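*Asks:* Any chance you could fold what I've pasted below:
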Amino acid sequence: MSLTRTQVEGIAHLARLEISEEEMPAYVDRLSRILDFVEQLSAADTGEVEPMAHPLADQVQRLRADDVTETDQRDKYQQTAPSVAAGLYLVPKVIE
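*Replies:* Just a heads-up that it's a prediction; the model follows:
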């Protein structure tokens with residue numbers, strides 16, 4: 001699927017991107033190639049592929065040890081807060 005310059009300008013407007021005149025042909029080409037690739041992927045037969053509940057099914061994910069590496073500095077961080085109670089930051093009520 002080839003995109004036109006007008007379509008890319010519309011996409012850029014929606015994405016709030018400013019694309020210069022010199023860059024526009026490159027954007028049109030690259031975005032068109034991306035859409036062509038997506039169409040190619042959509043054409044792949046996935047009828048025999050079983051959906052996965054998790055990408056690491058039947059595999060073991062190595063995890064780091066759950067050890068404390070930092071000290072608790074909550075009191076230090078809350079010293080500059082305008083209002084604190086019981087270790088919690090108090091903020092003004094916004095919705096009544």
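
*Asks:* I'd like to know how far the residue nearest to the spatial centre of the chain sits from Glu9.
*Replies:* What sits nearest the mean C-alpha location of the chain, by Cα atoms, centre = their mean, is Ala15, with 15.0 Å. Noted for Ala15: a distance of 11 Å to Glu9, by Cβ to Cβ, to the nearest Å. All C-beta atoms are positioned from the backbone trio N, CA, C, and that covers glycine.

*Asks:* next one: Lys76
*Replies:* 52 Å.

*Asks:* This structure: strands as residue ranges?
*Replies:* With DSSP state E as the criterion, the chain has strands at 84-85, 88-89.

*Asks:* and Ala65, which of those is closest to it?
*Replies:* Taking Cβ to Cβ, strand 88-89 is the member of the strands of the chain nearest to Ala65, at 29.7 Å.

*Asks:* could you give the mean pLDDT of that closest one?
*Replies:* Across strand 88-89, pLDDT averages out at 94.

*Asks:* Kindly report the same for stretch 21-34.
*Replies:* Mean predicted confidence for stretch 21-34 is 95.

*Asks:* Mind listing what's buried along that stretch?
*Replies:* Neighbour-count burial for stretch 21-34, with 16 or more other Cβ atoms under 10 Å as criterion, is recorded at 27-28, 31-32.

*Asks:* Does anything pack onto the lengthiest helix in the chain? Which helices or strands?
*Replies:* Using DSSP state H to define each element, the chain has its longest helix at helix 24-42. Judged by 3 or more Cβ pairs under 8 Å, 6 or more residues apart in numbering; DSSP states H and E, the packing partners of helix 24-42 are helix 5-14.
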